[in-house]
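Novice: Below are the sequence and a predicted model for it; my questions follow.
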Amino acid sequence: WLAFGTLGVFLFTLLAVTMHWSQYAMPAEFMAMSVISVILFGWLSHSLSVSWRRERTKAYKKNLFLVGLLLRLIYAVFTYYYNISYFGAPIGSTADTDFFVSMGEMYADGLRHFNLLTEIRNSLDAHYIAFDDTAYPITLGVVYFMTGGISDVFIPFIYKAFMGAAVPLLIYNIANRHFGENVARIAGVFCMLNPNMIWWCASMM
């Protein structure tokens, strides 16, 4: 009943906001994706929390990672082709993402020629960004370097899917240390199914 109540509140809020600020309404497909993600979160979080309750810890962790990875890979592949059809490019909206990709490619080139620090210094001077803003482009640079630059978008999506699937395991370990096994298992499932965290796996932001 809690899941149905949450879904009801979400649908009511979505409808009310859309009617009140109709000029800022999301496209219909984005609304549909939002509703589907909330339904899946409510239904799967309940069913998986119950069905995995008596699993051994090793089996639970394995399930947590594999199901989380599968969901993220499916969404990454869907988003890749959706971006091509909607935006005309797999990168999606080029706002900011072009910047990150170009920085990542520059850092990958720096790794190939053993002058990464020089490339970082040059980018700091050229773009007037702080050093901590280079962490994500450096990560992209390492991914591009290790994969030979075969894909500027799809391979990072896959990388992020694996990293995103590992986060619920970390949440489980932290929650288990502080609150015990039962709370940790629910926290792990909630984290695995969190729509926002799944969404970021298929974004170049």
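Specialist: Everything's here; your move.
Novice: For the nearest residue to residue 182 once chain neighbours are set aside, the count of nearby residues, please.
Specialist: Ranked by Cβ to Cβ, 6 or more residues apart in numbering and with sequence neighbours excluded, the top spatial neighbour of residue 182 is residue 53, at 8.0 Å. Quick note: C-beta positions are derived from backbone N, CA and C, even for glycine. With neighbours defined by other Cβ atoms under 10 Å, the count for residue 53 comes to 12.
Novice: is it true that residue 53 touches residue 186?
Specialist: No. If you go by Cβ atoms under 8 Å, residue 53 and residue 186 don't touch, sitting 9.2 Å apart.
Novice: Can you show me the helices along this protein?
Specialist: 2-20, 28-51, 57-87, 97-112, 116-127, 135-146, 154-179, 181-193, 195-200 (DSSP state H).
Novice: Leaving out sequence neighbours, find the closest residue to residue 94.
Specialist: Looking at residue 94 with Cβ to Cβ, 6+ apart, the closest residue is residue 87, at 7.9 Å.
Novice: quick one: pLDDT of that neighbour?
Specialist: Listed pLDDT for residue 87 reads 81.
Novice: Against residue 76, how distant is it?
Specialist: Note on residue 87: its distance to residue 76, by Cβ to Cβ, to the nearest Å, is 16 Å.
Novice: Which of the two has more residues huddled nearby?
Specialist: Legend: neighbour count by other Cβ under 10 Å for residue 87 and residue 76, higher for residue 76 (22 against 12).
Novice: ok, so what distance separates the more buried one from residue 59?
Specialist: From residue 76 to residue 59 the distance is 26 Å (Cβ to Cβ).
Novice: Got phi/psi on the residue nearest to residue 182?
Specialist: Per-residue torsions, residue 53: phi -60, psi -40 (degrees, to the nearest 10).
Novice: okay, and for this structure, where does confidence drop off?
Specialist: For the chain, the stretches with pLDDT under 70 are 1-4, 96.
Novice: Show the contacting residues for residue 101.
Specialist: 91, 140, 152-153, 204 (Cβ atoms under 8 Å, 6 or more residues apart in numbering).
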